[in-house]
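1. I would like the atomic coordinates for the input below:
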Amino acid sequence: MGNERKTEDLVRRHFNKYSGILLEEQKSDNVSIQKLLRNASKKGDRHGLPEFIISFDDNAKFIIVVECKSDVRRHQSKSLDKYSDYAVDGVLLYCSFLSKEYDVLGIAVSGEKSSEIVVSHFLHLKGGFTAVEKFGGKLLDPESYLEGYINSPEKFNQDYGSLLTYSKTLSDKLHSIKIKASQRSLLISGVLIALTDRAFEASYQLHTTPEVLANTLAETVHNQLRKADLHSRKLENLRNAYNFIRTHAALSGEKGVLAGIVKDIDENINSFIKTYQYFDVLGQFYIEFLRYANSDKGLGIVLTPPHITQFFCDLAGVNKNSIVFDNCTGTGGFLISAMSKMVEDARGDKKKIKAIKENQLIGIEYQDDIFALACSNMFIHEDGKTNIINGDCFDTEVMNEVRTRKPTVGFLNPPYQANKKDDTEEFEFVLNNLQALERSGTCIAIVPMQCVLATSGGKFLLKKRLLQEHTLEAVLSMPDELFFNSDVNVITAVVVVTAHKPHPRNKETYFGYWKDDGFEKRKNKGRYDVHDTWEGIRQEWLESYLNRKSIPGLSVLRHITAEDEWCAEAYMETDYSSLSQEDFIRSIKSYVLINELYFKA
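-> Now for the predicted structure:
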């Protein structure tokens, strides 16, 4: 007969070594935890009494619950419903009750000796339906658990879902006080910039009148940007962009309105940005706010989802020495994702990180209001000297300035054609980006599918020119609903191009049928990784591309010319055994829509 007290003593001695936590046994003084465990008995007849409940001094939302068994054979049952007999079964039961109010890490420990114990970990987030196995098979220190929880994809998806819900709430609120859709993200960015000033953060609720608060906010934004050592012309443009805060009737005239907005943004957005430092939050809010801006439909504005901007960095092999250029910067999503990847690769080298932020990120944005938003966005992400040019990427002087930086990687999501007579072709922006890159540099662009399907006309001539001057490495068919929340109805493909090396006749181009990224639409949250499947899909796509693998249903390699249709659908082998009637219907709808868009162009 085993002695469970020995197992408990192993766990107790492990956690008693650390400060910053409260270790309670069987019962908790926390009233909320007491209530949640009231009906969580493993035998169903009384209070649940886990061996240990661990809470953190600096994170009240996260708790750890531990269940012990002396016999390693009693670690986990096949059915997971033998709650009183098996450690894993029991701890999962406790997690299911506690997760109604907390994010919970359940730890199951079996065995009497430290050399033989079996450990399993399960993360069950608040409101979630299931627990996910994490952390491996040994006991870790509390700080590692807390950091792993905070940085887990499951926690990100939870927080991101909450952020998307809040974006709708905030958009409705700003709409109700008649703030223009084009100014809403600027207001958010202004508040976030002002909150970086400790004096403003401490005093904004103390201002006696809304007019004084509005003026103080606008002036604080200007001062913070001035400290970033921006060019005087750029600084004046940004000052003008934020002046609406001083004059808007509700912000500067209605008591409590602006102060309430600042407080909400601080609590709901600032905390997210501090946790997920290099995530384009403003871009996500801008996407939400564009739904109200009917005039922007004619501008062809389509902002790239963050998981795609991050994936571009993987495809291009971005590292600490890359110099990244986006000639259609928008809100700066590609540059922020690149910054994240480069800083990570710098591995804490402060000198290198400073150089990355000051010299290795370059952008061009034509529209004044979006330029202001991009500059503000980069500032919020601690890029103290933003190299974003407010100008036309087809201007020779502007491009000469970019070339002096010698960019090695180009990213872009060009404006999509709305008026076929007057608008610039998407591939013209791609060729423009390529012209700025160093020889053998990598350009990755996401364009409408009709661009790569063209076999005649202007789009065809641009395809021909691209192959004459550069190498087409890959074309990747993207999910049909990638831009479902944009007013521009478009199916897209990603092109990967090597700069200034004409396409070899014997070169095989990689075509990816990357239609399922695991993201699903949810009301008021848009499209996001509901089931935490993106990481696995991303790895599969990346491995297939980097190793140039031809996989039925996913990818194929082909020799191509400009006369060919550049899409996986034209060449790919199909695994018919896996097809369903729904797949057939979906494919027919996709084909019809693509051809409709093509013949309209």
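2. quick one, helices of the stretch 301-450 of the chain?
-> 306-316, 333-346, 350-359, 368-380, 396-403, 426-436, 449-453 (DSSP state H, counting those that start in this stretch).
3. what ranges in the chain fall below the confidence cut-off?
-> Where the chain drops to pLDDT under 70, the residues are 1, 41-48, 290-302, 383-386, 418-421, 485-489, 524-525, 573-601.
4. quick check: domain ranges of it?
-> Domain assignment of the chain by automatic domain parsing yields the ranges 4-151, 155-275, 293-600.
5. of all the helices of the stretch 301-450 of the chain, which lies closest to Ile269?
-> helix 368-380 (9.8 Å; CB to CB). Every residue, glycine included, has its C-beta placed from N, CA and C.
6. check which helices and strands the longest strand belonging to the chain sits against.
-> Counting residues, the longest strand found in the chain (DSSP state E) is strand 59-69. Counting contacts by 3 or more CB pairs under 8 Å, 6 or more residues apart in numbering; DSSP states H and E, strand 59-69 is packed against helix 4-15, strand 52-56, helix 87-98, strand 103-110, helix 142-150.
7. adding mean neighbour count and distance to Asp392, write these out as a markdown table.
-> Shown next, in a markdown table, are those (neighbours: other CB atoms under 10 Å; distance: least, CB to CB, whole Å):
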| stretch | mean neighbour count | distance to Asp392 |
| --- | --- | --- |
| helix 4-15 | 17 | 61 |
| strand 52-56 | 20 | 52 |
| helix 87-98 | 25 | 56 |
| strand 103-110 | 26 | 48 |
| helix 142-150 | 16 | 42 |
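8. for the ones you listed, give me CSV that also has distance to Lys501.
-> Shown next, in CSV, are the helices and strands packed on strand 59-69 (distance: least, CB to CB, whole Å):
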stretch, distance to Lys501
helix 4-15, 57
strand 52-56, 54
helix 87-98, 55
strand 103-110, 50
helix 142-150, 43
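9. which one of those lies closest to Glu520?
-> strand 103-110 (22.1 Å).
10. what's that closest one packed up against?
-> helix 4-15, strand 59-69, helix 87-98, strand 118-124, helix 142-150.
11. format the ones you listed as TSV; extra columns: distance to Ile269.
-> Formatted as TSV, the helices and strands packed on strand 103-110 follow (distance: least, CB to CB, whole Å):
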stretch	distance to Ile269
helix 4-15	34
strand 59-69	17
helix 87-98	28
strand 118-124	25
helix 142-150	17
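12. can you get me the start-to-end distance on stretch 526-534?
-> Taking CA to CA, to the nearest Å, stretch 526-534 runs 16 Å from one end to the other.
13. identify each buried residue in that stretch, please.
-> Within stretch 526-534, the residues that count as buried by 16 or more other CB atoms under 10 Å are 526-529, 534.
14. from those residues, pick the one nearest Gly441.
-> Closest to Gly441, out of all of the buried residues of stretch 526-534 and judged by CB to CB, is Trp534, at 27.6 Å.
15. that closest one contacts Gly518, doesn't it?
-> Yes: at 4.9 Å, Trp534 and Gly518 qualify as touching, with contact defined as CB atoms under 8 Å.
16. ok, back up a step: run the angle between the longest strand of the chain and strand 52-56 for me.
-> Inter-element angle recorded for strand 59-69 and strand 52-56: 160 degrees (by axes from the mean of the first three to the mean of the last three CA atoms, to 10 degrees).
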